Structure formats: C-alpha cells, structure tokens
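Colleague: quick one, structure for this:
(chains A and B)
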Amino acid sequence: MRASILAAVILSATSTLPSPVRAQLALSNFLEARIGRDPEDPFADPSRLSRFDQLNADYTRDALRLGFRFEGYIPSDRPDLDYALFVRRYAGWTTPHFAALVGNYEAIFGRGLVLRAFELPGVVREEFETPQFGDSRDLDGVRLEVHDDRWTVLALQGAPRRADQDPTVERSGTVAGATGWFDLTPVARVGANYLRTDRRVMEPGATNEIAGPFLQLGFEPWLQRAGISRLDLDTYLEYARVTGLTGIGSPNAPPNEGYGLYASQSLFLDEVLPGLRWGVSWEYKDYQNFELGVNEPPTLVREHAFVLLNRSTHVLVPQQEEGYQFETRFDYRQWADLVVNLSRAENFNSLRFEERYLETSGHWSGATLTLFADEQEDRFESVGDRDTFGGYLQVPFLGAHSLELQAETQETEIVAGNIRASYGDRYWSLTYGWAGRLSLGGVRQTTNDPDEVADPNERRAYDSLTARVPLGRHHEVQATWGRTRGGLACVAGTCYKVRGFDGVSARLTSRF
Amino acid sequence: MRLRLASAAFALLAVTSNAVEVTNPATGSVRTALGELRLPDLDGRMVTLSSYLDRGPVVLDFWATWCKPCLTAIPELNALYDELEPRGLQVVGINEDGQRNAAKVKPFVRTQDIHFPVLLDLNRAAQSRLNAPALPTTLLLDRDGNVVHTTFGYRPGEIQQLRAKIEALLTAKPAE
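Modeller: Model prediction:
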C-alpha cells in the first residue's frame, strides 16, 4: 500500500517536472569495524569481529526528493543479531509554500513537549542483546506542511520508532496530529498542537489525545522602537494536556490524565559595565503523567562537554517531575567568561536532582583556559553528593599545530538507606592536532565505582589512543585502540547508554 | 553477504550518479536541501537556508553552546565574517543545542557578540539532512550550493585553510 503511494508520488512528480531540470545526488557512508569485546562481559570472545555500515542516498530533481538509508550489522559470534535492511526510504515534493513527504521523516511540534521525532546523526547504539544500530527515532508515514511568512501548519501521521528499538523490531502503534502557529504581531506568536497516539506497544488498545497552546514573545522590536537597544527579552510558554491514560498516576494530576508545562525566559543586557555583557536564561518545567513515548520534553539540565559531567547527568522522568534551570553568563571583551548554572528537578517521592555549576574561561593569543567546579545531589540515583572539578587548556603553536589537555576529578557519595559508600573517578586526555592533517590523542580514565570494581581499594583503568585523519576531500578515518568506558552519554539534550569496549575499532566516514 | 548488498547499492548509486545531470558529481550540491530547510532564527522568524546562497559563498557552521571546540572556532568565524561579508561571504551558525538548551542560545550569542546569523535546528533536521555527524562541522558552499570544503571538529589553524578556499570562491567569476 505504502509502496503504491510512493510510486504514485514519484510518477506524478516526474511527469509534471518543469524543464530544464536540475538533479542532485548526495551520498554518505559510515562504516565501523571492531575487533574486541565489552570488558563487562567476561564470556565474550576477545577476538570478536563486528562490522556496522550505514549508507545514505538522497536524490533531488527540482521539487522532487527521493532517498533511502541502508543499514547492516555483522557480528562474528552472533548470527542471530545480523541484519541488513532499508531502515529509511522516502519520497517528497517541496514548493516554496508547500511540502509533502511519504516515508520516514522527522518532526517537532513547538519545543518538543508533545512530539519530537528525530535522529542523532553519528550516534551508533548498542543495547544489551541488540545489534548495533543508528539512533533514529523517526516516524514512518505521511507529513504535509503549508506555510507562509506569518503562519505554518504541519499535519502528520505515522508509526513511531522508540529510542531503544533496533531496526529489526517492527514498529508498533501510530501517531496522528497537527501543529500550527500564527504571528499576531512582530512581537507575539501563538500556536497550538494536537496529537492522537495509539500506544499499542505499552498499553494494548490505549489511545491518548494530547492538545495545548504555545506562545512566544520577543520584545526586541518594541524595545528598539522605544530606543532601548542594550536590552533584549524573550518569553516562551507551552502547555499540553493528555487524556485517555491508563495504568500510571501522578498524585498531582486527575485520574487518567496528565499535563506538561514548559516556560522559558531569556534576557540580555549589553555594557552592564564598560566591556561587560550579561545574559540570563530561566526555564521552568512541570510534567505530570507526561511520558507519551513519542515526545522528548525539555529536560532543563545543563549539558556538559566535560566527560565525567556528561556521563553523570540527570535523565528526565516525564511521568512526574517539576523543576527549573537558571543560567547566567558574563563576558568581558571576549577575554574572559563566567558561567553560573543552577538546575533542580523534583518528583512526588521527594526524589531530587540538584546541580550547581561554575565555569570560567580566559582567552589569550589563541590559547584558551577553562576551569570548572560542579556540585550535584541526585536522589534518583542515590547520590548524596557528587563534586567534580577540572579544566581544559588548548594551546596553538607554529600556526597549524595545537595541544589540548583536559583533566577532571570527581568524588561521589552514595546514600541508600543506611548504606553509605564513596568512590572517585579521574579523567585525563592529551591531544595533538595538526590542522587539516591529523589529530592524535590519548585518554586515561580510572574509577573505583562499585558497579565496576569489586574491591573499593582497586582502581580500574580505561586507557585508549585515538587517531583521526582526513583522507582526501571525501573521507575521514578514525581509529581507536584500547579500552573505553561504558555508561551514560548525552548529545544535544538526548541521553543514551554506551557499552564499554576493549580492542581496536576503526570508523570511516565518507560523503560525496 | 548482506553488507555486500549495501556495497553493491553504493557502487550502483555512484554509477547512476553519472547518468543523471548531477550538478557536481564530485562533491555534491545541497542547494535543494537548503531550499527545503526552514529554521527559526533567534527571534523565531523562519529562514530558508537557500536564501543565503543568493548573496555569495556560504559557510555553514554546526555548533552548540556546550561544545568546547565549537566555541574556540566561533571568534575566528566572527572575525572572518566581519572581514569578508562586505565581499559577499555569508556565515550562518546552525545551533544544535536542541530543545534542551534552546533558551540559552540567544543570551549566549549576544554575550559572545556573534555577528553572523544563527538559526536553531531544534530537531537536528538540518544536521541530519546536510550530513554533519560531528560538532562542530563546517561546510563551505559555493554560490551553486556545492560543498567545496568540509571540516569535522576544529583544530587551531583550520580557519586559515578555510579562508584560502573562501578567497578562491570570492575571486572566481560567478557562473553565467
């Protein structure tokens, strides 16, 4: 059925093409080969060989667009996990004010409170007992969009793929809905979202309806008209109510219902003192019974590039969570920055996550030095106190060469009832870079986390070397040798589990 | 065995790419993709990416506020934009903080005094469509939308290599 729709779209499109036509073909390929094993799996064969490949093709001919993604995985020891599939295919038609697409697609309503179907480019997932697969949480169905300068309407229908599902698992359930917005004035935008979900995977037969408005206010035009150019102020508000729920219940929401509220405000002030710029953002969330399976509501927790902080962040509990995030930033003539971030999340069981983060950076003659301090309490994970300190130094030399040093230390205290335990993590990395030619880096990470070592006096080390080299204009190869640590990883607001690895891996990224 | 199918498909595509009128089979053009990508700027105004191509070569910089190498590259891109924008260069920052950090982006851009336009890729649609698997990824496009230079990650000194490519594009005669 879907194939016939695709064929019809392609035929009708190609038969009405204006002349002359321009065609474009974009190809990319990602290949990863690994020899080694998960160090947490003592029974795994250390000479295990696996290959993962992802090929993307996108062909456009004027308004027509066709494409696919072919993905495959071959492990030497588990033929039952072997697969090779077209995991995405699509046909689309786009004009200046209209776009239609049949097949696999991404979509977002508002700030993602109600619906966010997306992928994490470059991320390869591997859960326990799954093959390796590209992280794609797209929809498979139909998407239509009509827009003008001051308004947009997007309607869609499709089958979702859940975060931890590999492509061999058949999609289940459907979503259908629409979002639209309209610019009332240059300052105010109003919009609304509606979504109907069939959650056959989690609750057989259950159908939910989610609906709500959003409002965006940007006061810059008013402020400029009033002659105030040093100040800027923005506000965003989104609310959605979900009905038809069964089986889960926050005490803060009516039976079988839930809601999500997200609000943010940001402010900027120039020349607070001579040369000093100041920016602030403040966000608030209140989610009650709001896990819809197809959304990824804003988490309001700071995302960190520092490795130990990135892997010890809070993962949102949308069934019931309330909290805020506040961040303020000062910049002095682009020589020095100061960032302060406070975030807090709490649920009805008095589980609480709190983080206080301070960072300062200085920039001199192309060199950068950043120092940070972070304190966390994460009762969701029985962490009573977690203190992290570290820094980053990058020094360029001889024009195209540079050295990068990163060092972090983290102490964690676990409090679970009467049980108390503490452990520490350390991270060091040193990277040499030669612009446009190569980068070579070494990482050493150690821990006595009781989840990873039996004896708290023992420290487990994860040492690895990585080289990255561009090969001509179209390829880049990255090779890693050694042991890398598993755990949580977060990219652009989305967290997922990574499995540890001990061995040699090589990644080849190509684009044409 | 099945991966061979992928390799065969890859080879077939490479062959068929010569059979159609591909604008630049060596590097690939993303003009059509840019025409389909509408992203909000920091004030919520929707911008079609291809509109920048009308003015000259375009540098697309995929970045995020939490990405350290991205932040090292930004002041250099800012200086590049200030110097070469009068000659037609367009620099566009595509922010990949997503909805998790969207509220922080505008205060960040203003405190860092970033002069070039920044668009929000809340759903990573542009990153996916333009094949930018790492942050930062920098693409240099000529006026036809052909990708003439790509950088994954950022190392000091790479801006000079980018500048040399831009100069070549700015001094080249526009195609008739």
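Colleague: what about the residue nearest the centre of chain B, distance to chain A?
Modeller: When CA atoms, centre = their mean is applied to chain B, the residue found nearest the centroid is B:Leu60 (2.3 Å). Distance from B:Leu60 to chain A, counting by CB to the nearest CB, to the nearest Å: 14 Å. Bear in mind the C-beta positions are built from the backbone N, C-alpha and C, glycine included.
Colleague: in the sheet, who's paired with that residue?
Modeller: Counting by DSSP bridges, B:Leu60 forms beta bridges with B:Val92, B:Leu139.
Colleague: quick one, what contacts it?
Modeller: Residues counted as contacts of B:Leu60 (CB atoms under 8 Å, 6 or more residues apart in numbering or on different chains) are B:Leu49, B:Val92, B:Ile94, B:Leu130, B:Thr138, B:Leu139, B:Leu141.
Colleague: my read: the last one touches B:Val148, true?
Modeller: This points to B:Leu141. Yes: between B:Leu141 and B:Val148 there is a contact at 7.0 Å, judged by CB atoms under 8 Å.
Colleague: those two: who's more crowded?
Modeller: B:Leu141 (28 against 18; other CB atoms under 10 Å in any protein chain shown).
Colleague: okay, now the nearest residue to that one once chain neighbours are set aside: neighbour count?
Modeller: Sequence neighbours aside, B:Val58 is the residue nearest to B:Leu141 in space, at 4.6 Å (criterion: CB to CB, 6 or more residues apart in numbering or on different chains). Applying other CB under 10 Å, we find 26 residues neighbouring B:Val58.
Colleague: and what of the one 4 residues further on?
Modeller: B:Phe62 is flanked by 26 other residues according to other CB under 10 Å.
Colleague: where do the helices of chain B begin and end?
Modeller: Counting by DSSP state H, chain B has helices at residues B:2-16, B:31-36, B:68-84, B:102-111, B:125-129, B:158-171.
Colleague: ranking those helices by burial, who's on top?
Modeller: helix B:102-111 (a mean of 24; mean count of other CB atoms under 10 Å in any protein chain shown).
Colleague: residues making contact with it?
Modeller: By CB under 8 Å, 6+ apart, helix B:102-111 touches A:111, A:232, A:234, A:236, A:264-268, A:270, A:277-283, A:298, A:327, A:329-331, A:337, B:42, B:65, B:93, B:95, B:97, B:118, B:120, B:122.
Colleague: filter the residues you listed to the buried ones?
Modeller: The neighbour count (16 or more other CB atoms under 10 Å in any protein chain shown) marks A:111, A:232, A:234, A:236, A:264-268, A:277-283, A:298, A:327, A:329-331, A:337, B:42, B:65, B:93, B:95, B:97, B:118, B:120, B:122 as buried among these.
Colleague: list the neighbouring strands of the helix or strand hosting A:Leu144 plus their orientation.
Modeller: Under the criterion DSSP states H and E, the helix or strand holding A:Leu144 is strand A:139-147. Strand A:139-147 has the following sheet partners, assigned by DSSP bridges: strand A:98-105 (antiparallel), strand A:151-160 (antiparallel).
Colleague: with mean neighbour count and mean pLDDT added, can I get those in a markdown table?
Modeller: Conversion of those to a markdown table gives the following (neighbours: other CB atoms under 10 Å in any protein chain shown; pLDDT from 0 to 100):
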| stretch | mean neighbour count | mean pLDDT |
| --- | --- | --- |
| strand A:98-105 | 20 | 96 |
| strand A:151-160 | 19 | 95 |
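Colleague: mind pulling up the pLDDT for the residue nearest to B:Leu141?
Modeller: In this model, B:Val58 is scored at 95, pLDDT.
Colleague: may I see the buried residues of stretch A:140-148?
Modeller: A:Asp140, A:Gly141, A:Val142, A:Arg143, A:Glu145, A:His147.
Colleague: how distant is it from the center of its chain?
Modeller: Here the centre of stretch A:140-148 is set off from its chain's centre by 23 Å, with CA atoms, centre = their mean, to the nearest Å.
Colleague: what mean pLDDT does it have?
Modeller: Mean predicted lDDT for stretch A:140-148 stands at 96.
Colleague: contacts for it?
Modeller: A:5, A:97-105, A:107, A:152-159, A:161, A:171, A:174, B:38, B:46.
Colleague: between the buried residues of stretch A:140-148, which is nearest chain B?
Modeller: A:His147 (7.2 Å; CB to the nearest CB).
Colleague: quick check: closest non-adjacent residue to A:Tyr357.
Modeller: In space, A:Tyr357 is closest to A:Asn341, 4.2 Å off (CB to CB, 6+ apart).
Colleague: again, but for A:Asn252
Modeller: A:Gln288 (4.8 Å).
Colleague: ok, that neighbour touching A:Pro254?
Modeller: No: using CB under 8 Å, A:Gln288 makes no contact with A:Pro254, being 9.4 Å away.
Colleague: residues near A:Arg78, how many?
Modeller: 14.
Colleague: what of A:Arg352?
Modeller: 15.
Colleague: so what sits opposite it in the bridge?
Modeller: The partner residues for A:Arg352, given DSSP bridges, come to A:Glu346.
Colleague: so A:Gln288 and A:Pro254 - more neighbours on which side?
Modeller: The residue with more neighbours, out of A:Gln288 and A:Pro254, is A:Gln288; 24 against 14, by other CB under 10 Å.
Colleague: chain A versus B:Asp144, what's the distance?
Modeller: Distance from B:Asp144 to chain A, by CB to the nearest CB: 9 Å.
Colleague: relative to A:Asp374, how far out is that residue?
Modeller: 47 Å (CB to CB, to the nearest Å).
Colleague: please say which of the two ends up with more neighbours.
Modeller: Each of B:Asp144 and A:Asp374 has its neighbours counted (other CB under 10 Å); A:Asp374 has more, 23 against 17.
Colleague: isn't the more buried one right up against A:Asp387?
Modeller: Yes: here A:Asp374 reaches A:Asp387: they are 7.2 Å apart, a contact under CB under 8 Å.
Colleague: tell me which element A:Tyr324 is part of?
Modeller: strand A:320-332.
Colleague: now that strand, how far from the centre of its chain.
Modeller: 18 Å.
Colleague: does chain B sit close to that strand?
Modeller: Yes: judged by CB under 8 Å from any CB of the partner chain, strand A:320-332 comes into contact with chain B through A:Glu327, A:Arg329, A:Phe330, A:Asp331.
Colleague: no further questions, thank you.
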